[in-house]
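*Asks:* Sharing a model prediction with you, sequence too.
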Amino acid sequence: MVIVAKTAPTGVLVAALAWCDAPAQGSFYAFSKGVLPCGDFLQAMDGERAARIQNPPPRDLPGYTSSFTEDYRSFVYFADGFLTGANYVSEVSVGAHTAPWSRALWLENYCRGHPLADFTAAVIELKDFLAAEK
């Protein structure tokens, strides 16, 4: 994969675009958080957990239905968007009955074992896992 994303000196991601080689699906462009390594997602998960501990959700909420940090939220939005697009292209409903926090925990587990992998690779693995579970 060749990353063509640029980060400004301030640390802000100015453009995020990468060429990904996925043997089963061919090559494609990934945008946004998909070009970052799994290690960055792990940091976002740690930040999300810390924020949830400081500001726990109300007890009347059924589970974790919202997010507390923008960094975590943007990784989750990338993953959800990728799964939505994969479902659209393949006309299936991979992950339809899974909870957002459960998907995030699966991604965290994958990323702990592959911290240098691109986050897109983790999401592809999640998609393949969910497809096999159907």
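*Replies:* Thanks, I have it.
*Asks:* shaky segments in this protein?
*Replies:* Within the chain, the ranges that satisfy pLDDT under 70 run 1-29, 31, 57-65, 134.
*Asks:* And the strands in it, which stretches?
*Replies:* In the chain, the segments counted as strands under DSSP state E are 2-3, 6-7, 13-15, 17-22, 26-31.
*Asks:* neighbours of residue 128, just the number please.
*Replies:* Other residues lying near residue 128 total 13 when counted by other CB atoms under 10 Å. For every residue, glycine as well, the C-beta is placed using N, CA and C.
*Asks:* Check what contacts the longest helix anywhere in the chain and list those residues.
*Replies:* Ranked by number of residues, the top helix in the chain under DSSP state H is helix 70-90. Here helix 70-90 makes contact (CB atoms under 8 Å, 6 or more residues apart in numbering) with 31-34, 40-41, 43-45, 47-48, 67, 93-96, 100, 103-104, 107, 119-120, 123-124, 126-127, 130.
*Asks:* Please point out which parts of stretch 118-134 sit buried.
*Replies:* For stretch 118-134, the neighbour count (16 or more other CB atoms under 10 Å) marks 118-127, 130 as buried.
*Asks:* My error: substitute stretch 30-44 in the last question.
*Replies:* 30, 32-38, 40-42, 44.
*Asks:* Now the two most distant members of these.
*Replies:* For the buried residues of stretch 30-44, the farthest-apart pair by CB to CB is 30 and 42; their separation is 18.4 Å.
*Asks:* before we move on, back to that, so which of the contacts of helix 70-90 sit within helices?
*Replies:* Per DSSP H, the contacts of helix 70-90 map to helices at 40-41, 43-45, 47-48, 100, 103-104, 107, 119-120, 123-124, 126-127, 130.
*Asks:* Relative to the whole chain's centre, how far out is the longest helix of the chain?
*Replies:* 7 Å (CA atoms, centre = their mean, to the nearest Å).
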